[in-house]
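Q: Curious how this folds, go ahead:
(chains A and B)
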Amino acid sequence: QKEVEQNSGPLSVPEGAIASLNCTYSDRGSQSFFWYRQYSGKSPELIMSIYSNGDKEDGRFTAQLNKASQYVSLLIRDSQPSDSATYLCAVMITGNQFYFGTGTSLTVIP
Amino acid sequence: DAGVIQSPRHEVTEMGQEVTLRCKPISGHDYLFWYRQTMMRGLELLIYFNNNVPIDDSGMPEDRFSAKMPNASFSTLKIQPSEPRDSAVYFCASSLHRSSKFFGPGTRLTVL
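A: Numbers count the residues shown, from 1 in each chain, chains lettered A, B, ... in the order given. Presented below is the predicted three-dimensional model:
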């Protein structure tokens, strides 16, 4: 079992809709959780981090963490074509263990 | 700050040649990471340094790969000899306190 699992997609949503990206992780000792966005041909860019159960909002982005169920999600409200990218979930288990998922490809259709 | 700087941005070489990738981390960051990204395997951690000291190199695929960090502002990843299966995008990233990583633009390596 992989440490971090994501649905590879592709996920397509119409412009203005809510995009929901999900990630599950295997180690209950995981401490910190991150979402990176990667445009085609570019490097990953950190967009959200979350450390405790619940929701964390930043503009149109909301990260949700449920440690009991071992999942973390990213909601993008009012999706824009510029949000089309691959979204990588990352989990830090301890200071020495940090894992990326394989990413979910999102396409926002104008 | 200019962010993480990597060079070269593109490298095309022939099998058997030595390849050296370079990275300048963000000033003040104490962690530096080398990742490799392919379509098949996604992002793979190769090695990381803390305060210029290699901490975990378990991701280095084999002895053909080596990495150094002679000072806080410079690191190299060397492949010798290179093979076609080494073709990938190699990212350098740096962070403060090993959490939120900032990635460089990457080096796209093609080994013919």
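Q: Surely residue A:10 is in contact with residue A:105?
A: Yes. When contacts are counted by C-beta atoms under 8 Å, residue A:10 is listed as touching residue A:105 (4.2 Å). (Each C-beta comes from the backbone N, C-alpha and C, glycine too.)
Q: More neighbours: those two, which one.
A: The residue with more neighbours, out of residue A:10 and residue A:105, is residue A:105; 17 against 11, by other C-beta atoms under 10 Å in any protein chain shown.
Q: any idea what sits nearest residue 71, other than its immediate chain neighbours?
A: Picked chain A for this. residue A:24 (4.8 Å; C-beta to C-beta, 6 or more residues apart in numbering or on different chains).
Q: my bad, the chain I had in mind was chain B
A: Leaving aside its chain neighbours, residue B:71 sits nearest to residue B:52 (6.5 Å; criterion: C-beta to C-beta, 6+ apart).
Q: Enumerate every residue touching that neighbour.
A: B:69-72 (C-beta atoms under 8 Å, 6 or more residues apart in numbering or on different chains).
Q: can you rerun that using 7 Å?
A: For residue B:52, the contact set (C-beta atoms under 7 Å, 6 or more residues apart in numbering or on different chains) comprises B:69, B:71-72.
Q: give me the number of residues near the residue nearest to residue A:71?
A: Residue A:24 sits with 20 neighbouring residues when counted by other C-beta under 10 Å.
Q: any idea how far it is from residue A:89?
A: With distances taken as C-beta to C-beta, to the nearest Å, residue A:24 is found 9 Å from residue A:89.
Q: try residue B:85
A: Noted for residue B:85: a distance of 27 Å to residue A:89, by C-beta to C-beta.
Q: Just the buried ones out of the contacts of residue B:52, please.
A: When the contacts of residue B:52 are checked for burial by 16 or more other C-beta atoms under 10 Å in any protein chain shown, the buried set is B:69, B:72.
Q: can the contacts of residue B:52 go into CSV with extra columns for secondary structure and pLDDT?
A: Formatted as CSV, the contacts of residue B:52 follow (DSSP: H, G, I helix; E, B strand; the rest coil; pLDDT from 0 to 100):
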residue, secondary structure, pLDDT
B:69, strand, 98
B:71, strand, 95
B:72, coil, 95
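Q: Give the single residue among the contacts of residue B:52 positioned nearest to residue B:25.
A: Nearest to residue B:25 among the contacts of residue B:52: residue B:72, at 7.5 Å, using C-beta to C-beta.
Q: ok, that closest one - contacts?
A: residue B:52.
Q: and if we set it to 8 Å?
A: Residues near residue B:72 by C-beta under 8 Å, 6+ apart: B:25, B:30, B:51-52.
Q: want to throw the residues you listed into TSV with distance to residue B:60?
A: Formatted as TSV, these follow (distance: C-beta to C-beta, whole Å):
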residue	distance to residue B:60
B:25	19
B:30	21
B:51	19
B:52	17
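Q: what's the following helix or strand after the worst-scoring helix or strand of chain A on mean pLDDT?
A: Counting by mean pLDDT, DSSP states H and E, the weakest-scoring helix or strand in chain A turns out to be strand A:97-100, with a mean of 84. As assigned by DSSP states H and E, the chain's next helix or strand after strand A:97-100 is strand A:104-109.
Q: I'd like to know which elements that next one is packed against.
A: Secondary-structure packing of strand A:104-109 (3 or more C-beta pairs under 8 Å, 6 or more residues apart in numbering or on different chains; DSSP states H and E): strand A:11-14, strand A:19-25, strand A:85-94.
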